[in-house]
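Trainee: 3D, please:
(one chain, ligands or ions: 1)
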Amino acid sequence: MPHRFPERTARPRRYLMCRPTYFTVEYAINPWMDPSRPTDTTLAVRQWERLCALYEELGHTVELIDPVPGLPDMVYTANGATVLDGRVLVATFRHAERAAESEAHESWFRSGGYREVRRAAHVNEGEGDHLLVGRRVLAGSGFRTSPAAHTETRDVFGLQVLGLDLVDPRFYHLDTALAVLADDQIMYYPAAFTPDSQALLRSLYPDAILAEREDAEVFGLNAVSDGRRVLLPEAAKSLAARLADAGYEPIPVDLSELFKGGGGPKCCTLELRPA
Ligand SMILES: CN(C)C(=N)NCCC[C@H](N)C(=O)O
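Mentor: All right, here's what the predicted structure looks like:
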């Protein structure tokens, strides 16, 4: 029987991750965080180690940035920078609680020999709000990254940057509502976007996989794809089935502890794209 979808091809990736040694929920800067609910740091570390191991088993390279005491959200490295063609735009965080993460990321990239490293002039939460699809950047705003940051991203990387407006505070970063599956395919949760942004996504990606509310609410869109294998929260069952129908290989991961901070697999994973 002929395939209903093109052959999906995996490409080896390089990821930056940060062990959640100091993970806890001691403040609330998104609707998922509840400081009165206990966290289990040992379990968070175990779940995170499994994610790292999975990447390596799949043939990807994981690099590590040292966790800093007092920065419990540093595990969410996707927010630390955007790295394209070897250039690094280091995040400027919206909330004071995360501000010092910028310094840690900036020194990591500078000591790692990256040739162009600069700190964002506007609020810019890195890959949490900037997703590369082929040679186009989809950029979110509404809760964290400011629209002015999108212009800076375009100027720094010389790529087309299309702004998308988020409307639901539970989906406060673009990567909670949209995931890149391949250079020409995405999946997203339409209700997280304004009608204009939904129309733009529909016109650009008519073949996108549209997630249902149940999958979006368990961070099913906070997924990491290498072009074929897609790591996503294990609770996003129907989205996993839809991915399999479309020719991808869904790989469920359990990051229940890190979910308490308002993040999933993608938040813990910053892609490093060399020159
Ligand atoms: C998919 N998401 C949301 C991320 N890319 N990052 C998670 C950041 C969580 C952190 N407590 C915060 O609220 O900033």
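Trainee: dump the longest helix seen in the chain to CSV, restricted to CA.
Mentor: Longest helix in the chain, counting residues (DSSP state H): helix 41-57. C-alpha atoms of helix 41-57 as CSV (Å, rounded to 0.1, in the frame of the first residue of the first chain):
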residue,chain,number,x,y,z
THR,A,41,14.2,17.4,43.3
THR,A,42,15.6,13.8,43.3
LEU,A,43,12.7,12.7,41.0
ALA,A,44,13.2,15.7,38.8
VAL,A,45,16.8,14.9,38.3
ARG,A,46,16.0,11.2,37.6
GLN,A,47,13.4,12.2,35.0
TRP,A,48,15.8,14.7,33.4
GLU,A,49,18.6,12.1,33.3
ARG,A,50,16.3,9.8,31.4
LEU,A,51,15.6,12.6,28.8
CYS,A,52,19.4,13.1,28.4
ALA,A,53,19.9,9.4,28.0
LEU,A,54,17.2,9.2,25.4
TYR,A,55,18.8,11.9,23.3
GLU,A,56,22.1,10.1,23.4
GLU,A,57,20.5,6.8,22.6
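Trainee: what is the rounded mean pLDDT of that helix?
Mentor: Averaged over helix 41-57, pLDDT sits at 98.
Trainee: buried sites along that helix?
Mentor: Of all the residues in helix 41-57, those buried under the rule 16 or more other Cβ atoms under 10 Å are 44-45, 47-48, 51-52, 54-55. Using the backbone N, CA and C atoms, a C-beta is placed for each residue, glycine as well.
Trainee: would you point out the most distant pair within those?
Mentor: 44 and 55 (17.1 Å; Cβ to Cβ).
Trainee: which residues are in contact with the nearest residue to residue 211 once chain neighbours are set aside?
Mentor: In space, residue 211 comes closest to residue 189 once its chain neighbours are excluded; the distance is 4.5 Å by Cβ to Cβ, 6 or more residues apart in numbering. Counting by Cβ atoms under 8 Å, 6 or more residues apart in numbering, residue 189 touches 171, 177-178, 210-213, 215-216, 221.
Trainee: so the closest residue to residue 193 other than its chain neighbours, which of the three states?
Mentor: Nearest residue to residue 193, sequence neighbours excluded (Cβ to Cβ, 6+ apart): residue 164, at 5.9 Å. For residue 164, the assignment made with DSSP: H, G, I helix; E, B strand; the rest coil gives strand.
Trainee: next, count neighbours for residue 164.
Mentor: Look at residue 164: counted by other Cβ atoms under 10 Å, it has 24 neighbours.
Trainee: tell me the spacing between it and the ligand.
Mentor: Separation of residue 164 from the ligand (Cβ to the nearest ligand atom, to the nearest Å): 14 Å.
Trainee: doesn't residue 136 make contact with that residue?
Mentor: No: with contact defined as Cβ atoms under 8 Å, residue 164 does not count as touching residue 136 (11.7 Å).
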